[in-house]
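> give me a model of this one.
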Amino acid sequence: MHPRDAEIWRAIDQGLRTLDWEAWFGCPEGANYRSPTGHEVTARAVAGLTAFFDSRWLPRAVTPSPASGRARDAFVGLGRAAPVLQVMNGAERGAWVEAVRWWAAYAYLEEAGVPGLASVKRDARRDVTLSRFLHTQTQARLALMGAARGLPVELEPAKDSGGPGDVRIGRVFIEVVTLAEDQKLQDYETFRQHCRAHLLSLDRDRTIYWEGDFPELLNGDGFETWKTRTEEAAQQCAASGAAVDVLSSARRRLTVHPGTAPPGTTLTGDTVESDQGKRLLDKVRGKCAKTQGAGTAWIWVEDHSGLFRLPTPFAGLSLADKTDALADLFGPLLEEYIHVAGIVVSNAAHRRLPLPPDEDASHPAAQGFRRGLPLDRVRETIMVPRRILLPEQTSLIARMCDAEAAVLDWALARLRVPGGVRSLLADSSMPHRVSSLWTP
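Numbers count the residues shown, from 1 in each chain. As a prediction, the model looks like this:
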């Protein structure tokens with residue numbers, strides 16, 4: 001962290017300064033990855049996000065309130081996304097571009113006078129929770145994707161039965177569902193991070209490395225015993241120059257080796273038993289039932305549950321197998337609720353540099369898309385339309401998913417930032433992408 005940023009965050013921690021978007025983004029002196037245009041856009045984003053959420057929102061989104069009494073997954077936790085607080089080398093660039101994406105969506109919709117934005121803004125300010133933040137982000141993102149296709153868009157459109165929906169793009173009515181993290185998966189992910197931090201502390205003064213399996217979830221004395229055994233193994237390995245195994249109670253093997261870790265060395269976690277399919281299906285079924293008065297509608301699930309990224313069997317599947325699995329899961333539901341035109345499940349949890357090539361997966365009853373979004377986000381989206389297709393609507397959703405990587409550049413151009421993301425970075429090396437998708 002740059003000394004100026006460290007000084008700002010010390011003042012925030014001591015109550016001498018209020019947390020604001022300028023501090024969240026980080027000072028210009030500490031962001032040498034930004035070009036002069038990038039610095040200008042950051043200043044616009046600071047002003048725009050402050051105006052959209054208001055000045056009181058960010059402190060509540062970054063710092064949990066001990067008096068709230070809410071479940072942990074209700075907390076927005078926006079500190080994790082702050083460019084200035086990224087720990088991994090180079091991660092601040094991707095976090096910054098992602099935040100610019102948020103601003104660009106809100107700024108474009110504001111300038112375009114998109115109906116319903118004031119209502120979305122009001123709800124976001126009142127409900128400072130992770131589910132509301134994800135919901136707001138998804139509404140804005142979908143509206144922007146529709147606008148980039150040249151279609152009229154509306155937020156919070158009226159349903160046939162009265163009351164607001166979420167997004168309308170042309171004739172396509174979309175209801176958004178956000179799926180928060182499963183508590184079992186969240187607990188194990190936190191435990192795995194603690195294990196990793198402990199092993200890193202053992203590596204500091206020794207030339208050793210670890211491979212194999214983290215233990216099953218351990219609490220209290222069990223975790224302390226495992227830590228003691230790994231400390232003893234690290235000492236023995238460093239002294240003898242020989243590999244040493246550490247077995248957990250469930251016989252999960254972790255091995256410490258002398259030397260430097262060769263390429264491909266991995267640490268893996270336990271497979272957490274949690275019926276994510278049932279949880280997802282129940283959530284979507286509830287939304288299907290609630291939208292029966294809306295007329296024909298699409299259900300868009302923005303996944304934040306860990307289904308695509310934590311150690312679940314589903315996360316390890318290929319895109320084609322994920323597409324098949326969701327087609328099988330949602331098929332009976334689409335036959336039951338004939339007003340639902342289709343169900344889309346989307347996730348952008350993975351971060352990868354360089355970005356992977358585009359990938360498409362086709363199933364007789366579904367389509368899957370994997371797209372790299374500037375700068376380091378990988379979005380997987382699976383669309384399951386109903387058996388009796390609405391060809392125009394299905395094609396529109398497919399084309400939106402296919403072209404999402406280009407949407408940020410499109411929005412920046414309309415916000416008078418020519419050159420797109422490439423112009424914002426001091427040393428950009430973003431590859432040009434050509435889509436292989438064709439839909440009638």
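
> CA only for contacts and neighbour counts going forward, please
Noted.

> which helices and strands does the helix or strand bottoming out on mean pLDDT in the chain pack with?
Least confident helix or strand, the chain: strand 267-268 with a mean of 78, by mean pLDDT, DSSP states H and E. Using 3 or more CA pairs under 8 Å, 6 or more residues apart in numbering; DSSP states H and E, the elements in contact with strand 267-268 are strand 208-213.

> who does the strand it packs on pair up with?
Applying DSSP bridges, strand 208-213 is found paired with strand 253-258 (antiparallel), strand 267-268 (parallel).

> quick one, helices of the stretch 151-300 of the chain?
183-203, 221-240, 276-290 (DSSP state H, counting those that start in this stretch).

> as CSV, those with distance to residue 296 would be great.
As requested, the helices of the stretch 151-300 of the chain are arranged in CSV below (distance: least, CA to CA, whole Å):
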stretch, distance to residue 296
helix 183-203, 33
helix 221-240, 52
helix 276-290, 11
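
> if we compare the ones you listed, which one ends up closest to residue 377?
Closest of the helices of the stretch 151-300 of the chain to residue 377 is helix 183-203, at 19.9 Å (criterion: CA to CA).

> residues making contact with stretch 134-147?
Residues outside stretch 134-147 that contact it (CA atoms under 8 Å, 6 or more residues apart in numbering) are 102, 105-106, 108-109, 120, 124, 152-155, 166-170, 176-178, 302, 400, 404, 407, 411.

> rerun at 7 Å
105-106, 120, 124, 153, 166-167, 169, 176, 178, 400, 404, 407 (CA atoms under 7 Å, 6 or more residues apart in numbering).

> report the two of those separated the most.
124 and 400 (24.7 Å).

> who has more neighbours out of those two?
residue 124 (21 against 18; other CA atoms under 10 Å).

> now do the contacts for residue 238.
For residue 238, the contacting residues are 206, 208, 258, by CA under 7 Å, 6+ apart.

> tell me where the stretch 1-150 of the chain has helices.
Using DSSP H, counting those that start in this stretch, helices in the stretch 1-150 of the chain cover 3-13, 21-25, 36-53, 57-62, 91-111, 117-126, 130-148.

> for the record, mean pLDDT for the last one?
Per-residue pLDDT values across helix 130-148 average out to 96.

> what are the C-alpha coordinates of it, in PDB please?
Extracted in PDB, the C-alpha atoms of helix 130-148 (Å, rounded to 0.1, in the frame of the first residue of the first chain):
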ATOM      1  CA  LEU A 130     -25.300  -8.100   0.100                       C
ATOM      2  CA  SER A 131     -28.400  -9.500  -1.600                       C
ATOM      3  CA  ARG A 132     -29.700  -5.900  -2.400                       C
ATOM      4  CA  PHE A 133     -26.300  -4.800  -3.700                       C
ATOM      5  CA  LEU A 134     -26.000  -7.900  -6.000                       C
ATOM      6  CA  HIS A 135     -29.600  -7.300  -7.100                       C
ATOM      7  CA  THR A 136     -28.900  -3.700  -7.900                       C
ATOM      8  CA  GLN A 137     -25.700  -4.500  -9.800                       C
ATOM      9  CA  THR A 138     -27.500  -7.200 -11.800                       C
ATOM     10  CA  GLN A 139     -30.400  -4.900 -12.700                       C
ATOM     11  CA  ALA A 140     -28.000  -2.200 -13.900                       C
ATOM     12  CA  ARG A 141     -25.800  -4.700 -15.800                       C
ATOM     13  CA  LEU A 142     -28.700  -6.300 -17.600                       C
ATOM     14  CA  ALA A 143     -30.200  -2.900 -18.600                       C
ATOM     15  CA  LEU A 144     -26.800  -1.800 -19.900                       C
ATOM     16  CA  MET A 145     -26.400  -5.100 -21.900                       C
ATOM     17  CA  GLY A 146     -29.800  -4.500 -23.400                       C
ATOM     18  CA  ALA A 147     -29.100  -0.900 -24.200                       C
ATOM     19  CA  ALA A 148     -25.900  -2.000 -26.000                       C
END
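
> and it, how far out from the chain's middle?
Mean-position distance between helix 130-148 and its chain equals 13 Å (CA atoms, centre = their mean, to the nearest Å).
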